[in-house]
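**Q** what shape does this take:
(4 chains)
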There are 2 protein chains.
Amino acid sequence: MPQPSRKTAAKRQPNRPRIASPAKIRHGRPSPTPRATSAVLVYETLHEDIIALRIQPGASLSENDLASRYGVSRTPVREALLRLADEGLVEIVPKSGTTVSRIPYAQLNEAIVIRKALEEVAVREASRRATKSQITGLWSLVERQREAAKADDRNGFHAADEAFHAAIAEAAGYPGIWQLVNQVKVQVDRIRHLTLPEGGRMLRVTKEHAAVLTAMEKRDAERAIAAMRNHLDGLDQSLPDIRRRNPDLFVDEAGVFLLPGPAGRKTSSQ
Amino acid sequence: MPQPSRKTAAKRQPNRPRIASPAKIRHGRPSPTPRATSAVLVYETLHEDIIALRIQPGASLSENDLASRYGVSRTPVREALLRLADEGLVEIVPKSGTTVSRIPYAQLNEAIVIRKALEEVAVREASRRATKSQITGLWSLVERQREAAKADDRNGFHAADEAFHAAIAEAAGYPGIWQLVNQVKVQVDRIRHLTLPEGGRMLRVTKEHAAVLTAMEKRDAERAIAAMRNHLDGLDQSLPDIRRRNPDLFVDEAGVFLLPGPAGRKTSSQ
DNA sequence: CAGCCACATCTTGCATACAAGATATGGAAA
DNA sequence: TTTCCATATCTTGTATGCAAGATGTGGCTG
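**A** Numbers count the residues shown, from 1 in each chain, chains lettered A, B, ... in the order given. So this is what the prediction gives:
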């Protein structure tokens, strides 16, 4: 029953798991293209809209509506929704409907804790292993961020912010850490747009980044970690306030955190 | 363009994002069912088969073959494959084919590092917050593990092992940590079946768990963390040896780590 | 014999049709 | 007026057919 391969195992066996195919090796990196299908396009659009709260938590999404809205059939829409469900951004109820998930308030703290732990590792390793050129690149990101802050360009600022953290993980030799962080902080990202414009925040964040980088440059891992921790502490301060101002966007005990276990999508009991 | 809701916004609006619907609140946990669709079934089966190496890395999977094999149509098979691709277990090349991913050797170390960081946090918090009953439950898991070890029941042993780690995350109040760990260690799990039966390993692991738990019971977080770190160090010892014995199951620089970025599935250049 | 090219055949991506369950609505009955 | 029930209509899950690209094969030409 296992061992799915050709039924007849004859005629055409392009890349069987043989140990060394004679002509082309094709040794396991078959896709240089990022799979630019229309399903991915729908996914990206919906993802952005949900993160930016352009689609309200709790809103219902219909595959048919989305399909006609994007001018495609239900199939790619459905593929996009399934991925969003795995990320916890939508909730699919089998024969009933699909809704945009409310922000699971209880998970926000956990996400921040996890992010701290992961970025701590990244900063520690980056302090040890970052090359001169990588440090230079990080400084240029800080500079770009400072410019965006002065120009009050919040989008540019945020982009540079993310690039900074990604570059640290890269310099640590653990690029997967940033991918994980990105995945974990999805729900936190949704409340970013709810923070008040609070003047000077962007410049403060830039300084915090500079502090991390200064310590890294001196190979002072512990100091860099402390700076990073201080930097990330800025996140959980405003949470209660934000919730108080937008109570209907949140939910107390939401379902599963990220990917479903082998069983299914949600385990919540309450 | 944004704000997907009803086209006409009339007739039927079952659960609009209103702040308080009169009758049923339905406040954001709509699915108690684990979505027992046939797509999930196919996914689970394939997942297990790939993890257990019953399907060799590099083997090609055809949606048609799998569909007829499982007695369903291509649609649920396709859904399953897409999820497996997001997990990094298969690689889909648009108009060409789908293959089971080879084990990305370079990512194994990173996965272990990440796992250590995450479980460290879990153990620290669990040392502080675990209730008496949770400690008792953990001891019973250790005991179950000891029994399985003595009976040479490797499956039961592994199940108890996973339950132990999951219970620690639960006791820490961060159940999402174990879900993340589970997701990160997917590729590592695939080589578990390649380790030699090495007598006494199961009893040794049991003792390591007991050491962690003893420290936790005494609320000695630092000692518990050290024990956990020592426990997890046991993983990366045998990696080079395993690779030497099964070179064709691995690949050096594989693509993306886990979930794809908003762009697509793979970024690998080499 | 070597190289090239057309074609048969496979692959996945997408559109569409059908199935089956869930839910709101409207009307009948108490 | 209130309650209950049948039903219309929506929802997602699945099956199927078509489209378009990728790839191995065989034969042709040099």
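**Q** helix, strand, or coil at A:P197?
**A** coil (DSSP: H, G, I helix; E, B strand; the rest coil).
**Q** on the pLDDT front, check it for me.
**A** For A:P197, the pLDDT comes out at 73.
**Q** how far away is it from A:L249?
**A** A:P197 sits 19 Å away from A:L249, going by CB to CB, to the nearest Å. Backbone N, C-alpha and C define where each C-beta goes, glycine included.
**Q** with A:K132 instead?
**A** Distance from A:K132 to A:L249, by CB to CB: 45 Å.
**Q** and those two? which has more neighbours close in?
**A** Neighbour count, other CB atoms under 10 Å in any protein chain shown: between A:K132 and A:L249, A:L249 has more, with 19 against 8.
**Q** nearest residue to that one in space, please, no chain neighbours.
**A** A:P57 (4.8 Å; CB to CB, 6 or more residues apart in numbering or on different chains).
**Q** can you check A:Q187 too?
**A** The shortest distance from A:Q187 to any non-neighbouring residue, by CB to CB, 6+ apart, is to A:I103 (5.4 Å).
**Q** what sits against that neighbour?
**A** Applying CB atoms under 8 Å, 6 or more residues apart in numbering or on different chains to A:I103 gives the contacts A:P57, A:Q187, A:R190, A:I191, A:L249, A:F250, A:V251.
**Q** ditto for A:E147
**A** Remark: with contacts taken as CB under 8 Å, 6+ apart, A:E147 is in contact with A:G156.
**Q** need the next SSE after the one helix or strand it maps to, C-terminal direction.
**A** A:E147 is part of helix A:132-150 when elements are defined by DSSP states H and E. Downstream of helix A:132-150, the next assigned helix or strand under DSSP H and E is helix A:154-172.
**Q** so what touches that following helix?
**A** If you take CB under 8 Å, 6+ apart as the criterion, helix A:154-172 is touched by A:119, A:121-126, A:129-131, A:134-135, A:137-138, A:141-142, A:144-145, A:147-149, A:175-178, A:181-182, A:192, A:202, A:205, A:209, A:212, A:216.
**Q** contact partners for A:L232?
**A** Applying CB under 8 Å, 6+ apart, the residues near A:L232 are A:I112, A:R115, A:K116, A:E119.
**Q** can I get the residues you listed in JSON lines including distance to B:H231 and secondary structure?
**A** What follows is the contacts of A:L232, written out as JSON lines (distance: CB to CB, whole Å; DSSP: H, G, I helix; E, B strand; the rest coil):
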{"residue": "A:I112", "distance to B:H231": "26", "secondary structure": "helix"}
{"residue": "A:R115", "distance to B:H231": "24", "secondary structure": "helix"}
{"residue": "A:K116", "distance to B:H231": "23", "secondary structure": "helix"}
{"residue": "A:E119", "distance to B:H231": "24", "secondary structure": "helix"}
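**Q** for those, which one is nearest chain B?
**A** Taking CB to the nearest CB as the measure, chain B lies nearest A:K116 of the contacts of A:L232, at 8.3 Å.
**Q** so what's the residue count around the closest one?
**A** Taking other CB under 10 Å as the definition, A:K116 ends up with a neighbour count of 21.
**Q** surely it touches A:H231?
**A** No - contact criterion CB atoms under 8 Å: A:K116 and A:H231 do not qualify, at 9.6 Å.
**Q** tell me how far A:R223 lies from A:T214.
**A** From A:R223 to A:T214 the distance is 8 Å (CB to CB).
**Q** drop anything exposed from the contacts of helix A:154-172.
**A** Among these, the ones that count as buried by 16 or more other CB atoms under 10 Å in any protein chain shown are A:119, A:121-126, A:130, A:134-135, A:137-138, A:141-142, A:144-145, A:148-149, A:175-178, A:181-182, A:202, A:205, A:209, A:212, A:216.
**Q** on that earlier part again, residues contacting the residue nearest to A:L249?
**A** A:V100, A:S101, A:R102, A:I103, A:R190, A:D248, A:L249, A:F250, B:P17, B:G28.
**Q** mind redoing it with 7 Å?
**A** By CB atoms under 7 Å, 6 or more residues apart in numbering or on different chains, the residues touching A:P57 are A:V100, A:S101, A:R102, A:I103, A:L249, B:P17.
**Q** can you list those residues in a markdown table and add pLDDT, distance to A:R69 and secondary structure?
**A** Shown next, in a markdown table, are the contacts of A:P57 (pLDDT from 0 to 100; distance: CB to CB, whole Å; DSSP: H, G, I helix; E, B strand; the rest coil):
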| residue | pLDDT | distance to A:R69 | secondary structure |
| --- | --- | --- | --- |
| A:V100 | 98 | 15 | strand |
| A:S101 | 97 | 20 | coil |
| A:R102 | 96 | 22 | coil |
| A:I103 | 96 | 24 | strand |
| A:L249 | 95 | 23 | helix |
| B:P17 | 31 | 18 | coil |
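**Q** need the residues you listed in TSV (columns: distance to A:T75).
**A** TSV is the format used below for the contacts of A:P57 (distance: CB to CB, whole Å):
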residue	distance to A:T75
A:V100	21
A:S101	23
A:R102	27
A:I103	29
A:L249	31
B:P17	27
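**Q** now, which of those residues sits nearest DNA strand C?
**A** Minimum distance to DNA strand C across the contacts of A:P57 is 13.6 Å, recorded for B:P17 (CB to the nearest atom of the strand).
**Q** run the angle between the helix or strand that contains A:Q107 and helix A:132-150 for me.
**A** A:Q107 is located in helix A:105-129, with elements delineated by DSSP H and E. Counting by axes from the mean of the first three to the mean of the last three CA atoms, to 10 degrees, helix A:105-129 lies at 140 degrees to helix A:132-150.
**Q** what angle do helix A:105-129 and helix B:154-172 make?
**A** Going by the same axes, to 10 degrees, helix A:105-129 makes 100 degrees with helix B:154-172.
**Q** and helix A:105-129, does that touch chain B?
**A** Yes - judged by CB under 7 Å from any CB of the partner chain, helix A:105-129 comes into contact with chain B through A:Q107, A:E110, A:V113, A:I114, A:A117, A:L118, A:V121.
**Q** just give me the neighbour total for the second one.
**A** For A:E110, the tally of surrounding residues (other CB under 10 Å) stands at 21.
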